[in-house]
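**Student:** Pasting a predicted model and its sequence here:
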Number of protein chains: 2
Amino acid sequence: MSEAEFLETYDPARYERPSVAVDLVLMSVVEGATAALLLRRDDHPHLGAWALPGGFVGIDESLDNAARRLLASKARMDHAYVEQLYTFGAVDRDPRARIISVAYFALLPPLRFAAALRASPELALAGLAVSWPGETGGPVEARTADGEALPLAFDHADMLGLAVLRLRGKLDYSDVAFALLPDRFTLRALQDVHEAILGTRLNKPAFRRRMLDGGRLQATGERETGASFRPAELYRRRADD
Amino acid sequence: MSEAEFLETYDPARYERPSVAVDLVLMSVVEGATAALLLRRDDHPHLGAWALPGGFVGIDESLDNAARRLLASKARMDHAYVEQLYTFGAVDRDPRARIISVAYFALLPPLRFAAALRASPELALAGLAVSWPGETGGPVEARTADGEALPLAFDHADMLGLAVLRLRGKLDYSDVAFALLPDRFTLRALQDVHEAILGTRLNKPAFRRRMLDGGRLQATGERETGASFRPAELYRRRADD
DNA sequence: TGACATATGTCCGATACGCACATAAGTAAA
DNA sequence: TTTACTTATGTGCGTATCGGACATATGTCA
């Protein structure tokens, strides 16, 4: 039997299949704290709770493309840093049906994040309240700017927790921090991003040394404007070799 | 409309659904090198190529349970270290149909690995030939003990590559190395596991200091037997506090 | 011109690591 | 019994890195 003949006789309908969805953690650092964009559910289940933007994966669409399509449709964004997080497959995670969800996260610099928020009025900004230190892991709460807790739908608190955990783990050896900053930024702004993600304060001289010796930064010779004190030099991410 | 009423009217069949499978990287360290268990395909597609053990996810079965079920059925094993790796969702990754595969890896100590190999004669031991240094990432080749390359089916070379990458990344701050060793082991055996995973040689006194100062080891007072030279002390993993 | 706030740079002590080397403790051969 | 041999175990030293205190630089603003 040739491969072509085999394919004609293969019947994938023999197995009952689950639905597959993608959920998207749209992250940024706003005023020194990590934040994500949430959608208030106006349908059952979890009516009134807050959920990550998501949608079902098309039958002719890769997982990565589904994530990018959601990024474009929910946040009117392209060219963001997008990475697959984890796949959630508990049987009862969605009471409607058996739905397996592949969680992705996307990193947006502050201006794009704010623009996405303006472009889609149904989106709300939620600050992430991480109650565990370091790389412990666990669910993460969402709060309004006033500190009010936003109830999260499904297992989305776990998705937020994994996003924070992944960011913390990749901070030292990848370029995720740069994806959360404009093209040009000061070392102080870079340190603010690190501190927001890690949830700790960092020693300033040591941080500067580490970044400058790391060779991933390039000085522009320009300085920030608008400061009422000595303006800091602007750096950009060095192009990959 | 109550949530119960909503659920009655919800129709998941509106969307055409992909099949969801789990593939399992059964890993160990054998004779100083990383190895995995492969299955020779006797069906189309990729007839004759080598594939990871895998299977479809039952409609009433969580992803984690599907991975454990495969571990039990393919390797007659339970109680192994099992962790989700990544979900592969390219549209054309399987010519039969749209099949999304959630890759898991399981870590087996050498004796269990050999027992699984004996218990399932259709399984073959494949050495992993990692052609990239450090945390670069990329596909990984499988070889027989003679060095002969085993052609891999589907995107399974990428799954093997991700398993190696994940192991390298977690080696320093997690207990994955202990999952690849018997209950009692010498520092030399622990170093061999580290070197096999990292693909580099490590400095012996520095490695010993790092492990002993790390506080995750507990000396047993016993010594290895059968060596024709000074026997090393046996350690065990310290119970979590 | 001087106060002020932050940026930038320097110095010092503590710690971790690579590495060379010394010593210990078994087996096996002389 | 003694000696050679091999690996385990321990020590000392130079180097790199980091936290932290401190000094200096450079802008705005009164």
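**Tutor:** Alright, I've got the coordinates. Because the structure is predicted, anything quoted here is derived from the model rather than measured.

**Student:** my read: residue A:207 touches residue A:189, true?
**Tutor:** No - with contact defined as C-beta atoms under 8 Å, residue A:207 does not reach residue A:189; the gap is 11.9 Å. Every C-beta, even on glycine, is put in place using the N, C-alpha and C of the backbone.

**Student:** got the angle for the longest helix along chain A vs helix B:156-170?
**Tutor:** For chain A, the longest helix by residue count, based on DSSP state H, is helix A:156-170. Compare the direction of helix A:156-170 with that of helix B:156-170 by axes from the mean of the first three to the mean of the last three C-alpha atoms, to 10 degrees and you get 70 degrees.

**Student:** thinking again about what came up before, name the residue in residue A:207 and residue A:189 with the higher neighbour count.
**Tutor:** Applying other C-beta atoms under 10 Å in any protein chain shown to residue A:207 and residue A:189 shows that residue A:189 carries more neighbours, namely 20 against 16.

**Student:** ok, that one - contacts?
**Tutor:** residue A:181 (C-beta atoms under 8 Å, 6 or more residues apart in numbering or on different chains).

**Student:** helix or strand for it, which one?
**Tutor:** Element membership for residue A:189, per DSSP states H and E: helix A:187-198.

**Student:** Residues that sit against both of residue A:207 and residue A:189, list them.
**Tutor:** Counting by C-beta under 8 Å, 6+ apart, nothing touches both residue A:207 and residue A:189.

**Student:** all strands of chain A, in order?
**Tutor:** Ranges of strands within chain A are A:19-30, A:33-40, A:50-51, A:54-56, A:81-88, A:99-107, A:123-129, A:141-143, A:149-150, A:184-185, A:217-223, A:233-237, based on DSSP state E.

**Student:** So which bits of chain A are right by DNA strand C?
**Tutor:** Those residues of chain A that sit near DNA strand C, judged by C-beta under 7 Å from any atom of the strand, are A:186-188, A:204-205, A:208-209, A:223, A:227, A:229-233.

**Student:** Can stretch A:58-69 be said to contact chain B?
**Tutor:** Yes - using C-beta under 8 Å from any C-beta of the partner chain, stretch A:58-69 comes into contact with chain B via A:59, A:60, A:61, A:62, A:63, A:64, A:66.

**Student:** What of stretch A:129-144?
**Tutor:** Yes - applying C-beta under 8 Å from any C-beta, one finds stretch A:129-144 touching chain B at residue A:135.

**Student:** what bits of chain A have low per-residue confidence?
**Tutor:** Low-confidence segments of chain A (pLDDT under 70): A:1-14, A:241.

**Student:** rewinding a little: out of the strands of chain A, which gets nearest to residue A:73?
**Tutor:** Ranking the strands of chain A by their distance to residue A:73 (criterion: C-beta to C-beta) puts strand A:54-56 first, at 7.9 Å.

**Student:** for the closest one, packing partners?
**Tutor:** Strand A:54-56 is packed against strand A:19-30, helix A:63-75, with contacts defined by 3 or more C-beta pairs under 8 Å, 6 or more residues apart in numbering or on different chains; DSSP states H and E.

**Student:** ranking the ones you listed by burial, who's on top?
**Tutor:** Highest mean neighbour count of the helices and strands packed on strand A:54-56: strand A:19-30, a mean of 24 (counted as mean count of other C-beta atoms under 10 Å in any protein chain shown).

**Student:** Can you show me the CA trace of that strand as PDB?
**Tutor:** Provided in PDB are the C-alpha atoms of strand A:19-30 (Å, rounded to 0.1, in the frame of the first residue of the first chain):
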ATOM      1  CA  SER A  19     -12.000  21.800  20.600                       C
ATOM      2  CA  VAL A  20      -8.700  23.600  20.500                       C
ATOM      3  CA  ALA A  21      -8.400  27.300  21.400                       C
ATOM      4  CA  VAL A  22      -5.700  29.900  21.900                       C
ATOM      5  CA  ASP A  23      -5.600  32.300  24.800                       C
ATOM      6  CA  LEU A  24      -3.400  35.400  24.700                       C
ATOM      7  CA  VAL A  25      -1.600  37.100  27.500                       C
ATOM      8  CA  LEU A  26      -1.100  40.700  26.200                       C
ATOM      9  CA  MET A  27       1.600  42.000  28.600                       C
ATOM     10  CA  SER A  28       3.400  45.200  29.300                       C
ATOM     11  CA  VAL A  29       5.000  47.100  32.100                       C
ATOM     12  CA  VAL A  30       3.000  50.200  33.100                       C
END
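
**Student:** Spell out which residues of chain A are next to DNA strand D.
**Tutor:** For chain A, the residues in contact with DNA strand D (C-beta under 7 Å from any atom of the strand) are A:202-203, A:205-207, A:209-210, A:213, A:223, A:227-231.

**Student:** And for residue A:169, the neighbour number?
**Tutor:** Residue A:169 has 16 neighbouring residues, counting by other C-beta under 10 Å.

**Student:** For it, list the residues it contacts.
**Tutor:** Contacts for residue A:169 (C-beta under 8 Å, 6+ apart) come out as A:135, B:169.

**Student:** that older thread, could you rank the residues of chain A next to DNA strand D by neighbour count and give me the top one?
**Tutor:** Neighbour counts for the residues of chain A next to DNA strand D (other C-beta under 10 Å) peak at residue A:207, which has 16 neighbours.

**Student:** I'd like to check which residues are in contact with it.
**Tutor:** For residue A:207, the contact set (C-beta under 8 Å, 6+ apart) comprises A:187, A:191, A:194.

**Student:** residues near the first one, how many?
**Tutor:** Applying the criterion other C-beta under 10 Å, we find 17 residues in the vicinity of residue A:187.

**Student:** ok, for it, nearest residue in space, not its chain neighbours?
**Tutor:** residue A:208 (5.6 Å; C-beta to C-beta, 6 or more residues apart in numbering or on different chains).

**Student:** For that neighbour, give its distance to residue A:225.
**Tutor:** Distance, residue A:208 to residue A:225, using C-beta to C-beta, to the nearest Å: 21 Å.

**Student:** of these two, who's got more company?
**Tutor:** residue A:208 (16 against 7).

**Student:** My guess is residue A:51 contacts residue A:157. True?
**Tutor:** No - between residue A:51 and residue A:157 there is no contact under C-beta under 8 Å: 10.6 Å.

**Student:** Outline the domain layout of chain A.
**Tutor:** Using automatic domain parsing, the domains assigned to chain A come out as A:12-170, A:182-237.

**Student:** ends of the shortest one, how far apart?
**Tutor:** By that I understand domain A:182-237. End-to-end distance for domain A:182-237: 10 Å, by C-alpha to C-alpha, to the nearest Å.
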